[in-house]
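Undergrad: One predicted model, sequence on top.
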Amino acid sequence: MDLDPDDIFRDDEDDPDSELFQEKESTKELVVYLVDASPKMFNTTCPVEDQKDETHFHIAMSCISQSLKTQIINRSYDEVAICFFNTREKKNLQDLNGVFVFNVPEREQLDRPTARLIKEFDVIEASFLKEIGSQYGIVSGSRENSLYNALWVAQGLLRKGSAKTADKRILLFTNEEDPFGSITGVVKSDMTRTTLQRAKDARDLGISIELLPLSGPDEVFNVSQFYAELIGLEGEDLIEFMPSAGNKLEDMKHQLRKRMFKKRIVRRLKFTIVNGLSIELNSYALIRPTVPGAISWLDSVTNRPLKTERNFICSDTGALVEQSSRRFHPYKNTNIIFSTEELSEIKRVSTGHLCLLGFKPLSCLRDYYNLKPSTFLYPSDEDVVGSTCIFIALHRSMIRLNRFAVAFYGSSSRPQLVALVAQDEVVQSGGQIEPPGMHMIYLPYSDDIRHVEEVYSDKNARMPIATDDQIQKAAALMKRLDLKDFSVCQFANPALQRHYAVLQALALEEDDMPEINDETLPDEEGMARPRVVAAIEEFKTSVYGENYDEESELAAAGKPTEASKKRKALADNAAKECENYDWGELADSGKLKDLTVVELKYYLTAHNLPVSGKKEALISRILTHMGK
């Protein structure tokens, strides 16, 4: 049985069945949007930016709709479900009253968002009261508890996947600070106790419950009334909850089309400090380059994603071979046989763990040692108890001694040296600006470093050196043009913005494409400020002098360059050589094909014709020009 020898030694990262290839599945996020559909959500209104009053239900629907659209761009493999409670109709697997799970055909209740889901969800508000209905699910004289049922349904939806391989969240939208306010006595305490226990059971299963409270125009949502205990808030977290919840709601309403890599665990690492002592670390991707999404192959009839499968067929019998037990690689006219286990062991260079090698002063770490964006490391006691304590001791010592750690890290086929740089916590105005931890910087090998060579157009000429006055004027200009509190997240890539806008318009069948604002263009209004204009003029005067004439300089810029001189010389040479041939007789006698390509290009270059293509194309171009 013949195998492709070039395919035998491919990297493990390229194998769809490998652990590294499936790593993105471990960072998947499963979200259930839980929306209160009680009459109070439709009756309470609050003013928005355009001074129009909107109901709390409309605000919740707008946030979810915008979140679904941006999620396809941000993390397309995350899965979501939309669930309403306090509804007249019921639709859920548990057949519980007051809970309606919204979905579309050919989609699981917890699945990736689709264009059809977004299109139908955008228009559900108009027919919601008629088709689904709204009612209070918790009333006096009734033992029905719609909030308890909603948490149960949401927990059932999030049974998919493991808490170790996926982040599970419930986002709860409501404007009712006490869902049991109309009930008193033993019934209220009993229903409160069972609901809080249901929420605690969900948190014990690794499901986080996040509250998005909707406050009225003249009142603030009192989270201490009931929901603080339901979501597990206490102490300082309770004090800081309402401001952070308001910011989170605004972020959902005004999300940009950006691939935001959320601060979630990318991979769990084992950090070996010495023999017999290892701790567990979580790695986070802080900044990554943004590129358009990968191309997905779809079936032309069903529009479903295609999955590529590879099968081996015996060349002698034509039978399907389920799995090849042995492989080979040709070497000196001999096939060297390998078993799968032997090949895997040969390719294994590293175990994929992080191994400490030693320490060096921070002065030894150069800026140009960064091969790619760094990874942030933070300890975890989930599997290895005591990891945080050891990490803190190592972290403090590295900061105190001004050292960084050198470690060995890499996949089974790509070993690499990394530098672990400790970062201390930075707190300003009561908030954390930078978290404590370590940055893992990927170091280059000697072959990866390319030394810069200075190349001058004229090696004998003296290079101009800026004067002190020119340097001062340039510094003053840069100070005027400096952006305060600059961050790479302030500006969106206009090409990607348009790419996402076109995809959204095609997928949702929208007639109008959203207008894209190119934030990378120069700020003409800011550049026209008097102080900026004065700084520019002073810098220009210091470099070019007071009598500098820009128009004459532009005219002088039209002087021929070295490249244009070379092209003119080639054209003159071609015209001279072209005169040595009788092109009319060669064309009439059919002897053009006897000339070389170089000789044919003499004619083409002399008459400013294209010189690309094969010999037949050149002859055809000459005959066409001669009218033959």
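TA: Arrived safely.
Undergrad: Can you show me the strands along the stretch 401-550 of the chain?
TA: In the stretch 401-550 of the chain, the strands defined using DSSP state E, counting those that start in this stretch lie at 403-410, 415-423, 426-428, 431-434, 437-442.
Undergrad: nearest to R169, of those strands?
TA: strand 431-434 (21.4 Å; Cβ to Cβ). Yep, even glycine has a C-beta here, placed from its N, CA and C like the rest.
Undergrad: what are the pairing partners of the closest one, and which direction each?
TA: In the sheet, strand 431-434 lines up against strand 426-428 (antiparallel) (DSSP bridges).
Undergrad: wait, what's in contact with L420?
TA: By Cβ atoms under 8 Å, 6 or more residues apart in numbering, the contact set of L420 is L377, M398, F404, A405, V406, A407, M438, H439, M440, I441.
Undergrad: Oops, could you answer that again for T520 instead?
TA: Residues near T520 by Cβ under 8 Å, 6+ apart: F491, N493, P494.
Undergrad: The closest residue to the first one other than its chain neighbours - how many residues pack around it?
TA: Beyond its immediate neighbours in the sequence, the residue positioned closest to F491 (Cβ to Cβ, 6 or more residues apart in numbering) is E519, lying 4.6 Å away. Here the number of neighbours of E519 (other Cβ atoms under 10 Å) works out to 12.
Undergrad: do the same with the one 3 residues further on
TA: Applying other Cβ under 10 Å, we find 8 residues neighbouring P522.
Undergrad: do the same with E382
TA: Applying other Cβ under 10 Å, we find 11 residues neighbouring E382.
Undergrad: Checking my notes, it in a helix, right?
TA: No: E382 sits outside any helix when classified using DSSP: H, G, I helix; E, B strand; the rest coil, being coil.
Undergrad: Quick check: it vs I170, distance?
TA: Distance check for E382 against I170: by Cβ to Cβ, to the nearest Å, it reads 21 Å.
Undergrad: who's in contact with the strand or helix carrying M41?
TA: Using DSSP states H and E, M41 sits within helix 39-43. Under the criterion Cβ under 8 Å, 6+ apart, residues 35, 55-57, 60, 129, 134-136, 174-176, 214 lie in contact with helix 39-43.
Undergrad: Show me those that map onto strands.
TA: V35, T55, T174 (DSSP state E).
Undergrad: Surely the residue nearest to F491 touches C489?
TA: No: E519 lies out of contact with C489 (Cβ atoms under 8 Å); the separation is 11.4 Å.
Undergrad: before we move on, the earlier item: buried subset of the contacts of T520, written for PyMOL?
TA: Of the contacts of T520, the buried ones go into a single PyMOL selection, burial set by 16 or more other Cβ atoms under 10 Å:
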select buried, resi 493
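Undergrad: For the contacts of T520, please prepare JSON lines with the additional fields distance to I183.
TA: Formatted as JSON lines, the contacts of T520 follow (distance: Cβ to Cβ, whole Å):
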{"residue": "F491", "distance to I183": "52"}
{"residue": "N493", "distance to I183": "53"}
{"residue": "P494", "distance to I183": "55"}
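Undergrad: Out of the contacts of T520, the closest to E280 would be?
TA: When the contacts of T520 are compared for distance to E280 (Cβ to Cβ), N493 wins out at 36.0 Å.
Undergrad: Not counting sequence-adjacent ones, nearest residue to that closest one?
TA: Nearest one to N493, counting by Cβ to Cβ, 6+ apart, is T290 at 6.3 Å.
Undergrad: Is the one you found in a helix, a strand, or coil?
TA: Assignment for T290 (three-state DSSP): coil.
Undergrad: that older thread, report the buried members of the contacts of helix 39-43.
TA: V35, T55, H56, F57, A60, S134, Y136, T174, N175, E176, L214.
Undergrad: low-scoring stretches of the stretch 51-200 of the chain, by residue?
TA: Across the stretch 51-200 of the chain, the ranges flagged by pLDDT under 70 are 51-52, 74-75, 140-141, 163-164.
Undergrad: in what helix or strand does the nearest residue to I64 once chain neighbours are set aside lie?
TA: Nearest residue to I64, sequence neighbours excluded (Cβ to Cβ, 6+ apart): Y33, at 5.2 Å. Taking DSSP H and E as the criterion, Y33 maps to strand 28-36.
Undergrad: Pull the residues that contact the helix or strand that contains E577.
TA: Taking DSSP H and E as the definition, one finds E577 inside helix 562-578. Identification of contacts with helix 562-578 by Cβ under 8 Å, 6+ apart yields P560, E599, K601, Y602, Y603, T605, A606.
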